[in-house]
Structures are given as C-alpha cells and as structure tokens.
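> All I have is the shape, not the residue letters:
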DNA sequence: AAAGGGGTCAACCGCAGGGTC
DNA sequence: TGACCCTGCGGTTGACCCCTT
C-alpha cells in the first residue's frame, strides 16, 4: 500500500484558514454533504489539499462540536478511556460525540497529562491504575503486538471493559449516559442543543461574514480573555440537521 | 515597559487500512 | 490478486497569547 500523493504540493495553501475559505468549504458541504474530499478543492476552488479540508471540517466546522470547557465528567471519562484504550483518540472520541479526537488529544497533552503527573508525584492514585492493564497505556503498543484479528477482538474487549469500568468508576448523571450506552452510535449532531451557539456563528458566516472571524489565529478580545481557560469561540457550525445529509 | 518563557491549540505530516477496479 | 485511490488516525509542529520576571 504505497502512500499516494496527498495533493500537489505546488500551489497548495497551508496555515490558518480564513473566513472566506471556511465559507467556501461550508457552502460546498452544505450543498453536497461531507465526503469525497478529493473533489472538494477542485469543486470549490479552494487552494487547500483534501486532507486539510477534511480536517478543517471535522475538527472545526462540523456540526455538533463542542469546544473547550471540558467538564469534570468528560475529563474523568477521557482519563479512564485513555488508561484503558491508550492513545486511541478516535476511539475515545467516539464516547464523546461532541468532541473531536484532535480536541481530546490536545486536551490530554496540555492538561490531563500534567494533571495526572502531578497527582502521581503527589503520591495519590490518579485512578488510572484500576483496569489500566487492559491495554498498553501510551498508544499503539498493544496494537503492534497483536495480529489484526486478535487486535479487533481486543478492541471489542477493551470497549466492554471500558464501559464496565466507567460504569463502576463514574457516577454518571442522567444527561451523559447516552454516550456510554451506545458508544458505537454517537448522538446525531442535530439532536444536541448545546451547539446552538456554534450554529449561530456559522449562520452568520453564511449570511455575510458578519465579523465572525473563523481565522484560527484571529481571536477576538473576549476569546483571548477566555483562552487561558480553554474557552474558545465555538467554531462556526451549521445547523446540524441542515448538513446531516 | 519590555523581554523571555511557557501554555494552548489549529493545522500539518506521514503512515496505515479499507474499498474499488 | 495486486495496484491504486481515498480516507482516517496519531504524532508533531509552529504561531499566537498570556504571565512572570
């Protein structure tokens, strides 16, 4: 399986996305739906590679994304799942439908890792020890060691173990269990009301770029103030239902 | 008031897997 | 069956911002 060229390296724009680019991408996806990323740059005129478009969409523009403000429960969930599944962020993200794997990964690397280390240094039990033997903590270790079939079975076992452990470990509030009860079937984005603010932003973007700078680096003042706390302007997001197709 | 350091996060890179022809 | 194409994933980087000195 040779690695195909991702895209023409010449003429491909890199770096932060501009509101105009976001708008182009969102408009296109709104019309055609996500997928067929290869065709996106050509059909939209975006000077971006397909991967970049997909990434921008899945990590930032996609409906149903909650950004920043990881609550205590999510934090616990991530910690437990990381202990059980290792650095399989996509798998972990499937338990948190509102979060992207990139977001979780970043949060883990910037917050949780240090937090846990602190706790360990302090001599406390960080809660990762129980059940942590199920998978090699730290990522693909187990995967590398096991043949594919075994690996898949193991993943299933991991998930079961994770669910069980989480049930035991967490006192879940009624609002949360959906993600646990059916991890394989993430809540359809449209059904979540938390995203209203995001939808507003994208709506503005679509309407007339009403100052909602989607430039990833172009933070407005309020956001800058909240940034330290991990609070970011929710990325512009379309009404989930509109794009579900 | 300025400079340096550290923290945060969006985006990029390379690899791997699945699907199709 | 094998090669090619596309997508997804995890690790890493770099830019930006705030805080401390």
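Looks like it arrived, so ask away. The structure presented is a predicted model; accordingly, all values stated were derived computationally and were not measured.

> in whichever strand or helix holds residue A:84, what counts as buried?
Taking DSSP states H and E as the criterion, the element that holds residue A:84 is helix A:72-85. Counting neighbours by 16 or more other C-beta atoms under 10 Å, one finds that the buried residues in helix A:72-85 are A:74, A:76-85. In short, each C-beta sits where N, CA and C put it, glycine included.

> So what does residue A:14 have for phi and psi?
In terms of degrees, to the nearest 10, the main-chain angles of residue A:14 are phi -130, psi 170.

> check contacts around it.
Remark: with contacts taken as C-beta atoms under 8 Å, 6 or more residues apart in numbering, residue A:14 is in contact with residue A:52.

> and if you look at residue A:13?
The contact partners of residue A:13, taken as C-beta under 8 Å, 6+ apart, are A:46-48.

> hmm, back to that, rebuild the buried residues of helix A:72-85 as TSV, extending it with distance to residue A:68.
As requested, these are exported to TSV (distance: C-beta to C-beta, whole Å):
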residue	distance to residue A:68
A:74	11
A:76	17
A:77	16
A:78	14
A:79	18
A:80	21
A:81	19
A:82	19
A:83	23
A:84	25
A:85	23
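
> out of those, who's near DNA strand B?
Among the buried residues of helix A:72-85, no residue sits close to DNA strand B (C-beta under 7 Å from any atom of the strand).

> could you dump those to a markdown table with pLDDT?
As requested, the buried residues of helix A:72-85 are exported to a markdown table (pLDDT from 0 to 100):
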| residue | pLDDT |
| --- | --- |
| A:74 | 88 |
| A:76 | 87 |
| A:77 | 88 |
| A:78 | 89 |
| A:79 | 88 |
| A:80 | 88 |
| A:81 | 89 |
| A:82 | 88 |
| A:83 | 86 |
| A:84 | 85 |
| A:85 | 86 |
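
> ok, of the residues you listed, which one's closest to residue A:30?
residue A:74 (28.8 Å; C-beta to C-beta).

> Show me the shaky parts of chain A.
Along chain A, the model assigns pLDDT under 70 to residues A:1-10, A:121-245.

> do you know how far the spatially closest residue to residue A:70 that is not a sequence neighbour is from residue A:89?
For residue A:70, ignoring the flanking residues on the chain, the nearest one in space by C-beta to C-beta, 6 or more residues apart in numbering is residue A:107 at 5.7 Å. Between residue A:107 and residue A:89 the computed distance is 10 Å (C-beta to C-beta, to the nearest Å).

> So between those two, which is more surrounded?
Using other C-beta atoms under 10 Å as the criterion, residue A:107 and residue A:89 rank with residue A:89 on top: 23 against 19.

> ok, that one - contacts?
By C-beta under 8 Å, 6+ apart, the residues touching residue A:89 are A:101-102, A:104-105, A:108.

> From the contacts of residue A:13, keep the buried residues only.
Listed as buried from the contacts of residue A:13 are A:46, A:48; burial here means 16+ other C-beta under 10 Å.
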